[in-house]
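J.: here is the input, now give the coordinates:
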Amino acid sequence: MSRVLLTGASGFLGAHALAPLVEAGHEVHALARSRRPDERARPGAAAGPAHSERVIWHVADLTDAAAAEAVVSEIAAEHLLHLAWYVEHGLYWQAPENVVWVEATLRLLRAFATAGGRRAVIAGTCAEYEWSQDEPYDERTAPLAPATMYGVAKHATHLVAERFAASADVELAWGRIFMPYGPGEGGQRLVPSVIRALLAGQEAPVSDGAQARDFMYAEDVARAFAAILDSDARGAINVASGRCCTIREMVTLVAEAAGRPELVRWGAVPTRPGDPSRLTADVRRLREEVGFAPRVELEDGVQRTVAWWREAAL
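T.: Residues are numbered from 1 along each chain as shown. Alright, predicted model coming up:
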């Protein structure tokens, strides 16, 4: 059993990562910025009561250098799963806070190595790629030319972290996340915003839905990161389902699950400038080198997500 430091543990993906890490037999040290989340306030919380008793919680702000270094030194984890970042909806794409998180992440990795850490897995993003190709992005060959501050910050962090990890004798894997969805996602994002509107009996304005994406259920995203942590794989690894789905297909599934397809307003929202027409992943590294495959099909994941929001609204 190894000691794992999980950052962003109270966030959307971090909350889902608790269960697979515990189930893998790790001693999980969960780091949150302010306090341990109250499971009673999160219907279907990923950790669950049984797992919550096997997770050791810590409070620290990773952007506070002294506090971050102190807690990392105290935990002295062998493994690090770093999911924390600034992700405020509508702002994070170009926000200056991305620079702060470049600094915080590199400082965290340095403190982890100093405390004897051996293997780190850090969350990257599909926004690191050049959004210009129609075929699935292969992390071994696809061009990297981020169009946003968020993508640039993640890519720059990866470059520096990889070079530092090699010099510090730390194994490093970099999980490039595509389109996660599921229980606990911020309510302003595409899937939950449509669900909330439809469950409230309100119109749901969306684009024409022609854009192709790779959606992956949050529990599977978290399981993928746990599997990468327990593997020997290094370097960039796409964290995605490998299934191409248009936004129209996703919203249609959501509307059917919510029982209000007549409230969807197609084409009411213009496509954002620079929004790629296709953003899907080649998942051969995840499947063949890590040995991971998603468990939750898209249709089932949508049903579960709508059910979660129904419960949350009660």
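
J.: all contacts plus neighbour counts: C-alpha atoms, from now on.
T.: Noted.

J.: where does the residue nearest to Arg287 when sequence neighbours are not counted sit: helix, strand or coil?
T.: Nearest residue to Arg287, sequence neighbours excluded (C-alpha to C-alpha, 6 or more residues apart in numbering): Ala293, at 5.9 Å. Of the three states, Ala293 takes coil according to DSSP: H, G, I helix; E, B strand; the rest coil.

J.: tell me, how many residues neighbour Ala293?
T.: Using other C-alpha atoms under 10 Å, Ala293 is surrounded by 17 other residues.

J.: and the gap between it and Ala153?
T.: Ala293 sits 29 Å away from Ala153, going by C-alpha to C-alpha, to the nearest Å.

J.: over to Asp230?
T.: 26 Å.

J.: which of the two has more neighbours?
T.: The neighbour count for Asp230 versus Ala153, taken as other C-alpha under 10 Å, is higher for Ala153 (24 against 17).

J.: which strand or helix spans the more buried one?
T.: Element membership for Ala153, per DSSP states H and E: helix 149-168.

J.: same thing with Val194?
T.: helix 190-199.

J.: which strands and helices sit next to whichever helix or strand comes after that helix?
T.: Heading C-terminal from helix 190-199, the first helix or strand you meet, by DSSP H and E, is strand 204-205. Counting contacts by 3 or more C-alpha pairs under 8 Å, 6 or more residues apart in numbering; DSSP states H and E, strand 204-205 is packed against helix 190-199, strand 264-265.

J.: who's in contact with strand 204-205?
T.: Residues outside strand 204-205 that contact it (C-alpha atoms under 8 Å, 6 or more residues apart in numbering) are Ser193, Val194, Ala197, Leu198, Leu263, Val264, Arg265, Trp266, Gly267, Ala268, Val269.

J.: mind doing that once more with 6 Å?
T.: Val194, Ala197, Val264, Arg265, Ala268 (C-alpha atoms under 6 Å, 6 or more residues apart in numbering).

J.: how about stretch 164-184?
T.: With C-alpha under 6 Å, 6+ apart, stretch 164-184 has contacts from 12, 118-126, 214-218, 234-240, 305, 308.

J.: give me the buried entries from these.
T.: 12, 118-126, 214-218, 234, 236-240, 305, 308 (16 or more other C-alpha atoms under 10 Å).

J.: number of residues surrounding Arg196?
T.: Residues near Arg196, counting by other C-alpha under 10 Å, number 20.

J.: look at it and report its pLDDT.
T.: With respect to pLDDT, Arg196 has a value of 97.

J.: before we move on, the earlier item: so which of the helices and strands packed on strand 204-205 is the most packed in?
T.: helix 190-199 (a mean of 20; mean count of other C-alpha atoms under 10 Å).

J.: and it, how far from the chain's centre?
T.: 20 Å (C-alpha atoms, centre = their mean, to the nearest Å).

J.: what of stretch 168-184?
T.: Worked out by C-alpha atoms, centre = their mean, stretch 168-184 lies 6 Å from the chain centre.

J.: could I get the average pLDDT for it?
T.: pLDDT averaged over stretch 168-184 gives 98.

J.: and for stretch 238-247?
T.: pLDDT averaged over stretch 238-247 gives 97.

J.: next one: stretch 287-296
T.: 98.

J.: identify the residues contacting it?
T.: Asp220, Ile228, Ser231, Leu286.

J.: mind checking the SS state of the second one?
T.: The reference is to Ile228. Classification of Ile228 by three-state DSSP places it in helix.

J.: grab the nearest non-local neighbour of it.
T.: Ile228 sits nearest to Val290 (C-alpha to C-alpha, 6+ apart), 5.9 Å away.

J.: distance of the one you found from Arg223?
T.: Distance from Val290 to Arg223, by C-alpha to C-alpha: 11 Å.

J.: where does this protein have low pLDDT?
T.: Applying pLDDT under 70 to the chain flags the ranges 35-52, 314.

J.: for it, what spans make up the helices?
T.: For the chain, applying DSSP state H gives helices covering 12-23, 48-52, 65-75, 97-114, 149-168, 190-199, 218-229, 247-258, 284, 298-313.

J.: kindly reformat those helices as CSV containing distance to Ala142.
T.: Below are the helices of the chain laid out as CSV (distance: least, C-alpha to C-alpha, whole Å):
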stretch, distance to Ala142
helix 12-23, 25
helix 48-52, 39
helix 65-75, 34
helix 97-114, 23
helix 149-168, 13
helix 190-199, 26
helix 218-229, 21
helix 247-258, 23
helix 284, 14
helix 298-313, 26
